[in-house]
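>>> Below are the sequence and a predicted model; questions follow.
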Amino acid sequence: MIVWRGILAVAGFQLRRLLAPQRVIVVALAAAFPAAVMLAVRRIAGDIDRNFAVVLLYALVPEMLCMLGLLVTMCPVVADELERGTWQHVAVRPGGRWSLLLGTFLAAVTWTATVALFALALALVAAGLSDAGRLAAVFAALVVVSCVGRAALFALPAVIVPKRALVASVAAAFVVEYLAGFLPAVINQLTVSLRLRSLLVHWMGWERALPTELQLLVDTQPVWVQIMAVVTLATVMLVAAGLILARRQFPPAEEA
Amino acid sequence: MIEAAGLVKHFRSADGTVVKAVDGVSFVVGRGEMVGLLGANGVGKTTTMRLLATLLQPTAGTARIDGCDVTTDPLGVRRRLGYLSATTGVPDRLTPREVLQSFGRLHGFDQAALAGRVPALLDALGLGDCAERPCGRLSTGQRQRVSLGRALVHDPPALVLDEPTSGLDVVGSRDLLDLLERLRWEGRSILISTHRLHEIERRCDRFLIIHAGRIVAAGTREEMIAAPGGLEGAFFAAVEPGAHP
């Protein structure tokens, strides 16, 4: 109960930090970007091919927007706490280290998912697709899966190298998600991007329509396997980050 | 009660050499006692305090807070200790009330418990008038009092305060030290470090002088003040080169 109250307290505190006016303006502009791209494509090409629009929406919202949103929330927030001295005041509370990690994770997921869902709604309106309701449900689920998996992924570099959290997280995003994730090998089973692509293909009913070479880039197992894989990955990464933090020491600057 | 017994902390520096930041420190701070830990920069004051606060793990030796061992029962220590570091680390966007509520929740207090505790603490700290103002718009002294409130929110029997008057003006320092004296009279054990010897000369019951990671002198207020040059004289006599082999 103590840890749960602590997690909620930290999440509330981090969300208030994220609601700074300047940040809200930047985020509103970012949320409008996918809709702007959709409008631009419609203006240039006239009616958008539905499958093309879905792929574009996938690239813009669950991939780009969620990835960028989490990059600028999860890792800088954790790293800031570690670097600016806020951490030590939390670390001397019972369950404080886990509360800060999981509360920040919860805040980053809530904030980024909210922004992405807002962006999704705008983009769907801008795209003018026929079955927008069903697409909204599919993409909302992809946004949540993307945020949960990637926020946990970014927690690790933030606690391992807090001084270079953003750089390390960008590297992790490219190496893990966009390099390993696209290798047709066992390693891509450990990535969120494989699960997201597989869920998209499954929910859009594209399994048979995909060319053979692209079928190598998705996993054909059922939806629950994909979701459980992301939940397991996120749990493992958060536990690893939490254990690192639990063992972390806070030496004074002169001895560090 | 705060007890340290043969506390040792070594760090490995970038070139591989071992730095003995704390080298066999032992002392006791009893209930209702305020003890000053004095020393120059980099002699082990903050490291000692962080060992007590479970922010660092001792290389050897141990310490207990109200009977809980920092190595074997860190959670017990965290429930019983209020810690204030030299950096306030108070979030700019939160108000003092929100800071105290957030940290109260970290100790498991529910809304009902916080509704009674937080206003009383704000009043005791003299923060009642600015309780709803974001901390980023408070003075240094007010932020330091918020930081102290954060250390007191769970009503701990022991306090470890690392340079609590750092950055405060004369009035701010006096108010904070008056408050600490009240806390001492309530029966709390207080270990306080500072560079400003004159401020705590007449406030602490005892003094510990630390140098090169070791306690090189210790004594009651009367003993220290009676030394040639008073507390400052006793301090320099203890830390000057040649004073200790």
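Everything's here; your move. Residues are numbered from 1 along each chain as shown, chains lettered A, B, ... in the order given.

>>> going forward, measure contacts and count neighbours with C-alpha atoms only.
OK.

>>> Helix or strand next in line after the helix or strand of chain A with the lowest mean pLDDT, which one?
The least trusted helix or strand in chain A, going by mean pLDDT, DSSP states H and E, turns out to be helix A:66-84, with a mean of 74. Per DSSP states H and E, the first helix or strand lying C-terminal to helix A:66-84 is helix A:86-91.

>>> List the buried residues for that next one?
A:T86, A:W87, A:Q88, A:H89, A:V90, A:A91 (16 or more other C-alpha atoms under 10 Å in any protein chain shown).

>>> Also stretch A:181-194?
Counting neighbours by 16+ other C-alpha under 10 Å, stretch A:181-194 gives A:G181, A:F182, A:P184, A:N188, A:Q189, A:L190, A:T191, A:V192, A:S193, A:L194 as buried.

>>> tally of neighbours for the spatially closest residue to A:A35 that is not a sequence neighbour?
Counting by C-alpha to C-alpha, 6 or more residues apart in numbering or on different chains, the nearest residue to A:A35 once its immediate chain neighbours are dropped is A:A123, at 3.8 Å. Residue neighbour count, defined by other C-alpha atoms under 10 Å in any protein chain shown, stands at 26 for A:A123.

>>> Is it correct that A:A123 is in contact with A:V41?
No. Using C-alpha atoms under 8 Å, A:A123 is not in contact with A:V41; the gap is 11.5 Å.

>>> any bit of the helix or strand where A:A155 lies sitting next to chain B?
Element membership for A:A155 (DSSP H and E) is helix A:132-160. No. For helix A:132-160 and chain B, the contact criterion (C-alpha under 8 Å from any C-alpha of the partner chain) is not met; the two come no nearer than 15.6 Å.

>>> For that helix, name the packing helices and strands.
In this structure, helix A:132-160 packs against helix A:66-84, helix A:96-127, helix A:165-172, helix A:192-204, helix A:223-247, with contacts taken as 3 or more C-alpha pairs under 8 Å, 6 or more residues apart in numbering or on different chains; DSSP states H and E.

>>> what angle separates it from helix A:223-247?
Direction vectors for helix A:132-160 and helix A:223-247, defined by axes from the mean of the first three to the mean of the last three C-alpha atoms, to 10 degrees, enclose an angle of 30 degrees.

>>> Pass me the low-pLDDT residue ranges in chain A, would you?
In the predicted model of chain A, residues A:1-2, A:76-85, A:253-256 satisfy pLDDT under 70.

>>> Report the central residue of it.
Among the residues of chain A, the one closest to the centroid is A:C147, at 2.9 Å (C-alpha atoms, centre = their mean).

>>> mind checking the longest helix of chain B?
For chain B, the longest helix by residue count, based on DSSP state H, is helix B:170-185.

>>> when you scan the very next helix or strand once past that one, is anything in it near chain A?
Next helix or strand after helix B:170-185 toward the C-terminus (DSSP H and E): strand B:189-193. No. On the criterion C-alpha under 8 Å from any C-alpha, strand B:189-193 is out of touch with chain A, staying 14.2 Å away.

>>> and strand B:189-193, what other elements does it pack with?
Packed next to strand B:189-193, using 3+ C-alpha pairs under 8 Å, 6+ apart, are strand B:18-29, strand B:34-38, strand B:158-162.

>>> where exactly do the strands run in chain B?
If DSSP state E is used as the criterion, the strands of chain B fall at B:2-12, B:18-29, B:34-38, B:60-65, B:68-69, B:81-84, B:158-162, B:189-193, B:206-211, B:214-220.

>>> The shortest one and chain A, are they touching?
So the one you mean is strand B:68-69. No. With C-alpha under 8 Å from any C-alpha as the measure, strand B:68-69 is seen stopping short of chain A, the closest distance being 13.2 Å.

>>> Now do that strand: which elements does it pack against?
In terms of contact count using 3+ C-alpha pairs under 8 Å, 6+ apart, strand B:68-69 is assigned the packing partners helix B:74-80.

>>> For A:L39, give its distance to chain B.
Distance of A:L39 to chain B, computed by C-alpha to the nearest C-alpha, to the nearest Å: 37 Å.

>>> And for A:R164?
Counting by C-alpha to the nearest C-alpha - A:R164 and chain B are separated by 18 Å.

>>> What is the nearest of the buried residues of helix A:86-91 to B:M49?
When the buried residues of helix A:86-91 are compared for distance to B:M49 (C-alpha to C-alpha), A:Q88 wins out at 12.0 Å.

>>> From chain B, how far out is that closest one?
As defined by C-alpha to the nearest C-alpha, A:Q88 lies at a distance of 7 Å from chain B.

>>> now swap in A:R248 and tell me
Following C-alpha to the nearest C-alpha, the distance that separates A:R248 from chain B is 8 Å.

>>> follow-up on the earlier one: out of the strands of chain B, nearest to B:P134?
Closest of the strands of chain B to B:P134 is strand B:81-84, at 20.0 Å (criterion: C-alpha to C-alpha).

>>> How about the closest one and chain A, any contact?
Yes. For strand B:81-84, a contact with chain A is found by C-alpha under 8 Å from any C-alpha, at B:Y83, B:L84.

>>> Against which helices or strands is that strand packed?
The contact analysis (3+ C-alpha pairs under 8 Å, 6+ apart) places strand B:81-84 against helix B:140-152, strand B:158-162.

>>> Looking at these, spot the one closest to B:A14.
B:A14 lies closest to strand B:158-162 among those, at 26.0 Å (C-alpha to C-alpha).

>>> now the angle from that closest one to strand B:60-65?
Angle, strand B:158-162 to strand B:60-65, by the same axes, to 10 degrees: 120 degrees.

>>> got the angle for strand B:158-162 vs strand B:2-12?
Our comparison of strand B:158-162 with strand B:2-12, counting by the same axes, to 10 degrees, yields an angle of 40 degrees.

>>> So what are the sheet partners of strand B:158-162 and their directions?
In its sheet, strand B:158-162 lies beside strand B:81-84 (parallel), strand B:189-193 (parallel), with partners assigned from DSSP bridges.

>>> Pipe those strands into JSON lines and attach distance to B:G42, mean pLDDT and mean neighbour count per row.
Formatted as JSON lines, the strands paired with strand B:158-162 follow (distance: least, C-alpha to C-alpha, whole Å; pLDDT from 0 to 100; neighbours: other C-alpha atoms under 10 Å in any protein chain shown):
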{"stretch": "strand B:81-84", "distance to B:G42": "18", "mean pLDDT": "93", "mean neighbour count": "27"}
{"stretch": "strand B:189-193", "distance to B:G42": "13", "mean pLDDT": "94", "mean neighbour count": "26"}
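
>>> list the contacts for A:I244?
A:I244 makes contacts with A:V159, A:I160, as judged by C-alpha atoms under 8 Å, 6 or more residues apart in numbering or on different chains.

>>> need the contact list for the residue lying closest to B:R31 once chain neighbours are set aside.
Counting by C-alpha to C-alpha, 6+ apart, B:R31 lies nearest to B:S189, which is 4.8 Å off, once chain neighbours are set aside. Contact partners of B:S189, counting by C-alpha under 8 Å, 6+ apart, are B:M1, B:I2, B:V29, B:G30, B:R31, B:G32, B:E33, B:M34, B:P157, B:A158, B:L159.
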